[in-house]
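A.B. asks: Pasting the sequence and the predicted model now:
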There are 2 protein chains.
Amino acid sequence: MKNLLVAQSGGPTAAINATLVGILKEALAEVRIDKVYGAKNGIDGIINDRLIDLDSMMKDEEAMDVLTLTPASALGTCRHRMKDWNKDEQIYKKILETFQKYHIKYFIYIGGNDSMDTVEKLSSYCKLKNHDLCIIGAPKTIDNDLCMTDHSPGYGSAAKYIATTIAELEKDISAYSIPAVTIVEIMGRNAGWLTAAAALPKINGESGADLIYLCEREFDVDRFVRDVKQKLSEKPGVLVAVSEGIKEKNGKYVSDRVSSGEVDSFGHKYIAGAARTLEQIIRREIGCKVRSVELNLMQRASAHIASGTDIAEAAMLGKKALSCALEGETGRMAAIKRMSNEPYRTEYLSVPVSEVANHEKRVPLDFISPDGHDITRELLEYMRPLIQGEVNVIYENGLPKHVKLY
Amino acid sequence: MKNLLVAQSGGPTAAINATLVGILKEALAEVRIDKVYGAKNGIDGIINDRLIDLDSMMKDEEAMDVLTLTPASALGTCRHRMKDWNKDEQIYKKILETFQKYHIKYFIYIGGNDSMDTVEKLSSYCKLKNHDLCIIGAPKTIDNDLCMTDHSPGYGSAAKYIATTIAELEKDISAYSIPAVTIVEIMGRNAGWLTAAAALPKINGESGADLIYLCEREFDVDRFVRDVKQKLSEKPGVLVAVSEGIKEKNGKYVSDRVSSGEVDSFGHKYIAGAARTLEQIIRREIGCKVRSVELNLMQRASAHIASGTDIAEAAMLGKKALSCALEGETGRMAAIKRMSNEPYRTEYLSVPVSEVANHEKRVPLDFISPDGHDITRELLEYMRPLIQGEVNVIYENGLPKHVKLY
């Protein structure tokens, strides 16, 4: 018997189940695969022998369509960074036990950086021990920080959510005639790809966020206050977008300004994000109405406004990952190569996972405008195709239909 | 000449422009109206003679469709509570000057409680001074706190956004196997109608928020901690929804716990919402992973997921308001009467604005479950029809198209 095992790992996205469905649909049509299993909560489910049979699920076409647009990892997720095998071989042995028990020949792990590290370690270990397993990674991250792929599934949908929300917030803010600053905090500790999406309404001639600060560039609080004052002199409602990970010259997160020594009324350290910290600064320095908005979990969970392109590519990458495994590849990740922007054309390929794991793709500094508070036309053109197309959400009683796998 | 003037006021919603379009479409077909004007920024625009001609705009059908789903008040808004005429008659005289200058015979004011107070005061003043004007209110509020109408436009769309987001967050949270509490703060200082929408995923057999606290009921922090502990014993990911306006026994907002005496590193008072305060409490009392999420402006601006029912009703109320004005009514508000839940049937009528202004419709206590952390089936059935139906958003380059009126 040659069985397939699929698992998901890392932060959920709106497109991660589309990759799962891409794998399952391909597996259903594939005679070289006998059974398909899913591991609950990523690698943890393999270690603890918590596998579920996906065979019956796969045959239910409507359920597969609903699963495609169900946000977050339907198989459950984990944050587990594996130790090297020579430090904790027990874990590796447990995983191989589960593989043997279920006759797993192919393992596809959908995830981000840490998950690709797992693929790398596990495939290396198997080679070393002469276990004939094909272990392939399928990329997933809203942060778009994976190397060796033009972009990663989950990013396009999060970018579409962010751009849509910024366009909507801009209308809300513009309705008032009194000066007010709204600071939107967008996910990204080290990479500002998502924050850059706050500029996307520009492709439709709208303003998008008036000031955009990516975490790749050093954040200067004084310059920020000056930028805001300048914008306020041009229009009453100013919309600012910042990466959660913006850092000052001293290398510290802006959010550390508040969280550093502060305690709340219970004596606990106060944890504020970048936007809340900047809100305080604007209130003190300018004194106008100011509000901070965190897009929080919504930016990775809003499958109802997923990008059609992103969802289709996520499924294609799942399919590609499985075909790589079936061809005997191991220790590789399915990836996207962009052939052209207009028309948007891509190719699917596989890349060595060792060149993905523990690397990080940040926004190149020359994608940030010289004034430091906007992005370049080039970056807009990079993002534009990734948010194209809408998805056919299935509604039930006025709400998007979702599915649970267990 | 008999001209029509329209203005918008109060907090923006996703449906307020649908009401404007309802009025404009009706006005276009109406021979009794010569010209149509819009006032910029509500009553302030009338006081300051900032009117725009809407005649050409009205004839552009595509622009009208785009305007219907453009979030926030396209004419701009204000927060202006008028003084009584015997305290500041100058303002009233200025308004009448503008009315006379533009030959305004009909004035429709789209807004919430304060706006209905303006309709009441202005129509009373006109009657007193024998000015033959027809002044009618059209309701709008995401809070759903207006009396004399079964519900208000804007509420259904915000409820649909909240219910969709709660359903999506529930998937995100359920993906993890470690204990974690997520506390979602929903708008509503005095009325918990929006927070109740966190239960709506139940109509599809989903769990919705596990614990729901409306501001109508006294909030007991100790009981809250016990409720969360109980839920954590049943499942790892617990989702809590709270109104921003929850108050403790002493009558103080829960959020006052943090904001009361605290100062940030700049010596400024720290303003935290209810959810952030509860986040601190759970961290201290339970010690598990905890996160707070504010739905913030998104819950009133997310026109891309507006309720089809809400948008249609918003337009119908605009139409009704205009027909009331044309029939010579004044000092009244267009309203909805629900005839039946299943099938959902409504009638449009007008009600005396004096019974709307300065009143507040809160969630009846018997719509809250006896345990205090859920809502009743009756309230679910009240909300259910209001989120039905999806809107045909017009997308351009992957983003919802919007229109600006000036």
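C.D. replies: Now that the structure is in, tell me what you want to look at.
A.B. asks: Up against chain B, what does the stretch 1-150 of chain A have?
C.D. replies: Proximity of the stretch 1-150 of chain A to chain B (Cβ under 8 Å from any Cβ of the partner chain) is limited to residues A:8, A:12, A:40-41, A:44, A:70-74, A:76-78. Every C-beta, even on glycine, is put in place using the N, C-alpha and C of the backbone.
A.B. asks: Show me how chain A divides into domains.
C.D. replies: Annotated domains of chain A cover A:3-154+A:303-359+A:388-400, A:157-301 [automatic domain parsing].
A.B. asks: Output those in a markdown table, with distance to B:Phe107 and mean neighbour count appended to each entry.
C.D. replies: Putting the domains of chain A into a markdown table (distance: least, Cβ to Cβ, whole Å; neighbours: other Cβ atoms under 10 Å in any protein chain shown) gives the following:
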| stretch | distance to B:Phe107 | mean neighbour count |
| --- | --- | --- |
| domain A:3-154+A:303-359+A:388-400 | 34 | 21 |
| domain A:157-301 | 20 | 21 |
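A.B. asks: coming back round to it: can you redo the residues of the stretch 1-150 of chain A next to chain B as JSON lines with secondary structure, pLDDT and distance to B:Asp371?
C.D. replies: Shown next, in JSON lines, are those (DSSP: H, G, I helix; E, B strand; the rest coil; pLDDT from 0 to 100; distance: Cβ to Cβ, whole Å):
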{"residue": "A:Gln8", "secondary structure": "strand", "pLDDT": "98", "distance to B:Asp371": "35"}
{"residue": "A:Pro12", "secondary structure": "coil", "pLDDT": "94", "distance to B:Asp371": "30"}
{"residue": "A:Lys40", "secondary structure": "coil", "pLDDT": "98", "distance to B:Asp371": "31"}
{"residue": "A:Asn41", "secondary structure": "coil", "pLDDT": "97", "distance to B:Asp371": "31"}
{"residue": "A:Asp44", "secondary structure": "helix", "pLDDT": "97", "distance to B:Asp371": "34"}
{"residue": "A:Thr70", "secondary structure": "coil", "pLDDT": "98", "distance to B:Asp371": "30"}
{"residue": "A:Pro71", "secondary structure": "coil", "pLDDT": "97", "distance to B:Asp371": "29"}
{"residue": "A:Ala72", "secondary structure": "coil", "pLDDT": "97", "distance to B:Asp371": "28"}
{"residue": "A:Ser73", "secondary structure": "coil", "pLDDT": "97", "distance to B:Asp371": "32"}
{"residue": "A:Ala74", "secondary structure": "coil", "pLDDT": "97", "distance to B:Asp371": "31"}
{"residue": "A:Gly76", "secondary structure": "coil", "pLDDT": "97", "distance to B:Asp371": "29"}
{"residue": "A:Thr77", "secondary structure": "coil", "pLDDT": "97", "distance to B:Asp371": "31"}
{"residue": "A:Cys78", "secondary structure": "coil", "pLDDT": "94", "distance to B:Asp371": "33"}
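A.B. asks: Relative to B:Asn130, which of the domains of chain A is closest?
C.D. replies: domain A:157-301 (32.7 Å; Cβ to Cβ).
A.B. asks: what mean pLDDT would you report for the closest one?
C.D. replies: For domain A:157-301, mean pLDDT rounds to 91.
A.B. asks: Chain A: strands as residue ranges?
C.D. replies: Remark: strands assigned in chain A by DSSP state E are A:3-8, A:36-39, A:51-53, A:104-111, A:134-139, A:180-186, A:211-213, A:237-243, A:289-294, A:332-340, A:345-352, A:395-396, A:399-400.
A.B. asks: Other residues contacting the longest one?
C.D. replies: By that I understand strand A:332-340. Strand A:332-340 has contacts (Cβ atoms under 8 Å, 6 or more residues apart in numbering or on different chains) with A:116, A:119, A:136-139, A:146, A:148-151, A:313, A:317-318, A:320-321, A:324, A:344-353, A:356.
A.B. asks: Check the fifth one too.
C.D. replies: With contacts defined as Cβ under 8 Å, 6+ apart, strand A:134-139 is touched by A:19, A:23, A:105-112, A:115-116, A:119, A:122-123, A:126, A:146, A:149, A:152-153, A:317-318, A:320-322, A:324-326, A:328-335, A:350, A:353, A:356.
A.B. asks: same check, this time on stretch A:39-50
C.D. replies: So stretch A:39-50 is in contact with A:5-10, A:51-52, A:73, A:75-78, A:80, A:82, A:91, A:94-95, A:97-99, A:101, A:109, A:111, A:115, A:118, A:406, B:176-177, going by Cβ under 8 Å, 6+ apart.
A.B. asks: can you check stretch A:118-133 too?
C.D. replies: Residues contacting stretch A:118-133 (Cβ under 8 Å, 6+ apart): A:9, A:43, A:80-82, A:84-85, A:92, A:95-96, A:99, A:104-107, A:109, A:111, A:135-137, A:330-331, A:333, A:353-354, A:357.
A.B. asks: let's see 6 Å
C.D. replies: A:43, A:82, A:85, A:92, A:109, A:135, A:137, A:330-331, A:353-354, A:357 (Cβ atoms under 6 Å, 6 or more residues apart in numbering or on different chains).
A.B. asks: Keeping just the C-alphas, turn that stretch into PDB.
C.D. replies: In PDB, the C-alpha atoms belonging to stretch A:118-133 read as follows (Å, rounded to 0.1, in the frame of the first residue of the first chain):
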ATOM      1  CA  THR A 118      10.300  20.300   9.200                       C
ATOM      2  CA  VAL A 119      10.200  19.100   5.600                       C
ATOM      3  CA  GLU A 120      13.900  19.700   5.300                       C
ATOM      4  CA  LYS A 121      14.800  17.900   8.500                       C
ATOM      5  CA  LEU A 122      12.400  15.000   8.100                       C
ATOM      6  CA  SER A 123      13.400  14.400   4.400                       C
ATOM      7  CA  SER A 124      17.100  14.500   5.300                       C
ATOM      8  CA  TYR A 125      16.600  12.100   8.200                       C
ATOM      9  CA  CYS A 126      14.600   9.700   6.000                       C
ATOM     10  CA  LYS A 127      17.300   9.800   3.300                       C
ATOM     11  CA  LEU A 128      20.000   9.200   5.900                       C
ATOM     12  CA  LYS A 129      18.100   6.200   7.300                       C
ATOM     13  CA  ASN A 130      17.200   4.900   3.900                       C
ATOM     14  CA  HIS A 131      13.400   5.300   4.300                       C
ATOM     15  CA  ASP A 132      11.900   5.700   0.900                       C
ATOM     16  CA  LEU A 133       9.500   8.500   1.600                       C
END
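A.B. asks: who does A:Tyr253 bridge with?
C.D. replies: A:Lys247 (DSSP bridges).
A.B. asks: What's the separation between it and A:Ala196?
C.D. replies: Distance, A:Tyr253 to A:Ala196, using Cβ to Cβ, to the nearest Å: 19 Å.
A.B. asks: The stretch 251-400 of chain A: helices as residue ranges?
C.D. replies: A:256-259, A:274-285, A:298-301, A:308-326, A:377-383 (DSSP state H, counting those that start in this stretch).
A.B. asks: OK, contacts around A:Met116?
C.D. replies: A:137, A:333, A:353, A:356-357.
A.B. asks: Name the nearest residue to A:Gly331, ignoring sequence neighbours.
C.D. replies: A:Ser123 (3.5 Å; Cβ to Cβ, 6 or more residues apart in numbering or on different chains).
A.B. asks: again with A:Lys337
C.D. replies: With Cβ to Cβ, 6+ apart as the criterion, A:Lys337 has its nearest non-adjacent residue at 4.7 Å, and that residue is A:Glu347.
A.B. asks: Which pLDDT value belongs to that neighbour?
C.D. replies: A:Glu347 is assigned 98 on the pLDDT scale.
A.B. asks: before we move on, back to that, for the helices of the stretch 251-400 of chain A, give me TSV that also has distance to A:Asp227.
C.D. replies: Formatted as TSV, the helices of the stretch 251-400 of chain A follow (distance: least, Cβ to Cβ, whole Å):
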stretch	distance to A:Asp227
helix A:256-259	18
helix A:274-285	11
helix A:298-301	24
helix A:308-326	32
helix A:377-383	19
